[in-house]
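Chemist: when you get a sec, could you give me coordinates for this:
(one chain, ligands or ions: 1)
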Amino acid sequence: MPEAAAPKKLQTANIPPPRHVMVLDGQGWVGLLDHMGTETTAVNAARVSFGKIRETMNERDLVLLEYLIQNRHTSPLEHIVFTFSVHCPLFVRSQWHRHRTWSYNEISRRYTEEEIECFIPGHLRAQSADNRQASVDSADLDQAGCRSLIEQQNRTAVELYEKLLAQGVCREQARGVLPQNLMTTFWATVDLGNLIHFLDLRDSAHAQAEIREYAAGIKQLVQPLVPNIARIMKW
Ligand SMILES: Cc1cc2nc3c(=O)[nH]c(=O)nc-3n(C[C@H](O)[C@H](O)[C@H](O)COP(=O)(O)OP(=O)(O)OC[C@H]3O[C@@H](n4cnc5c(N)ncnc54)[C@H](O)[C@@H]3O)c2cc1C
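Modeler: Below is the predicted model:
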């Protein structure tokens, strides 16, 4: 008799994949869902014009990898591809989705009402006096008091959202009252050349601390898969 198929395990969008890094005090995460290609793939792609394909890398290939990266000859790196699952506040999502070379799919508040979570910063920073985009640590901030105000505001917004749904307002309009701190989940696929560009920009002192945590998490996830490139990039 044929074996009965194992029941399919349904995962909700908000469950991190097995390989993930927690960020934002455990409120967010970035996980590696899938990947394609190795460093050998990139080396073979770089040498394809000579018709040489190797099964494994040797020391000359390491020199080639360094040359490719240092000279921004990044197209061979585009044969290595990663898919991440990201759980982050909307404001991090907005910054991330400016990177047009990634492919994205995101949970939709037009379809789902459940699992509404809002981010509460673990540590608040003050506005930088000399850089309009930047923030600085400050001993003057009332951390507990301000965090409590944010928590209250998050809760008020979610309660209003739920009240609107209960009154019969559709999800696609009711979601307008949810805050920037709303947590969202998306899948994001990118090749290694464009990932390096993203990490340069988003794990940088110029980037917002919150998205920086995700970029650092990605470095941890991909380092074991591309160890020589990670060393060259000083990840
Ligand atoms: C610290 C920081 C502050 C920022 N502040 C602001 C801000 O105040 N306001 C704001 O609006 N944005 C801001 N941004 C977003 C920024 O302008 C870029 O949109 C974002 O960093 C994506 O970079 P990118 O276009 O290089 O990446 P991708 O979109 O991933 O593109 C990668 C590369 O592909 C090429 N490319 C992609 N699409 C095109 C295209 N259509 N035409 C030509 N070449 C293309 C470019 O070479 C590009 O560098 C900020 C980004 C950072 C890192």
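Chemist: quick check: domain ranges of this protein?
Modeler: Taking automatic domain parsing as the reference, the chain has its domains at 14-112+185-235, 118-123+141-181.
Chemist: next, the distance between the ends of the last one.
Modeler: Separation of the first and last residues of domain 118-123+141-181 by C-alpha to C-alpha, to the nearest Å is 5 Å.
Chemist: kindly report the same for the first one.
Modeler: Domain 14-112+185-235 has an end-to-end distance of 28 Å (C-alpha to C-alpha).
Chemist: anything in it near the ligand?
Modeler: Yes - shown here: domain 14-112+185-235 in contact with the ligand (C-beta under 6 Å from any ligand atom) through Arg98, His99, Arg100, Thr101, Asn194, His197, Leu201, His206, Ala207. Glycine gets a C-beta too; all of them are placed from N, C-alpha and C.
Chemist: can you list the residues you listed in a markdown table and add distance to Val23 and neighbour count?
Modeler: Output for these, formatted as a markdown table (distance: C-beta to C-beta, whole Å; neighbours: other C-beta atoms under 10 Å):
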| residue | distance to Val23 | neighbour count |
| --- | --- | --- |
| Arg98 | 19 | 10 |
| His99 | 18 | 16 |
| Arg100 | 23 | 8 |
| Thr101 | 22 | 12 |
| Asn194 | 21 | 17 |
| His197 | 20 | 15 |
| Leu201 | 17 | 15 |
| His206 | 19 | 10 |
| Ala207 | 13 | 19 |
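Chemist: keep only those of those residues that are in helices.
Modeler: Mapping those onto helices (DSSP state H) picks out Asn194, His197, Leu201.
Chemist: can you give me the strands for this structure?
Modeler: Remark: strands assigned in the chain by DSSP state E are 20-23, 28-36, 81-89, 103-106, 126-127, 135-136, 183-191.
Chemist: most packed of the ones you listed?
Modeler: When you average the neighbours per residue for each of the strands of the chain (mean count of other C-beta atoms under 10 Å), strand 81-89 leads with a mean of 23.
Chemist: how far does that one sit from the chain's center?
Modeler: 4 Å (C-alpha atoms, centre = their mean, to the nearest Å).
Chemist: cool, stretch 154-163 as well?
Modeler: 27 Å.
Chemist: circling back: how about the residues of domain 14-112+185-235 next to the ligand in JSON lines, adding pLDDT and distance to Gln220?
Modeler: Putting the residues of domain 14-112+185-235 next to the ligand into JSON lines (pLDDT from 0 to 100; distance: C-beta to C-beta, whole Å) gives the following:
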{"residue": "Arg98", "pLDDT": "98", "distance to Gln220": "23"}
{"residue": "His99", "pLDDT": "98", "distance to Gln220": "19"}
{"residue": "Arg100", "pLDDT": "98", "distance to Gln220": "25"}
{"residue": "Thr101", "pLDDT": "98", "distance to Gln220": "22"}
{"residue": "Asn194", "pLDDT": "97", "distance to Gln220": "19"}
{"residue": "His197", "pLDDT": "97", "distance to Gln220": "19"}
{"residue": "Leu201", "pLDDT": "97", "distance to Gln220": "18"}
{"residue": "His206", "pLDDT": "93", "distance to Gln220": "21"}
{"residue": "Ala207", "pLDDT": "95", "distance to Gln220": "17"}
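Chemist: adding distance to Glu66, write the residues you listed out as a markdown table.
Modeler: Listed next are the residues of domain 14-112+185-235 next to the ligand as a markdown table, based on distance: C-beta to C-beta, whole Å:
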| residue | distance to Glu66 |
| --- | --- |
| Arg98 | 30 |
| His99 | 25 |
| Arg100 | 28 |
| Thr101 | 23 |
| Asn194 | 19 |
| His197 | 18 |
| Leu201 | 22 |
| His206 | 26 |
| Ala207 | 26 |
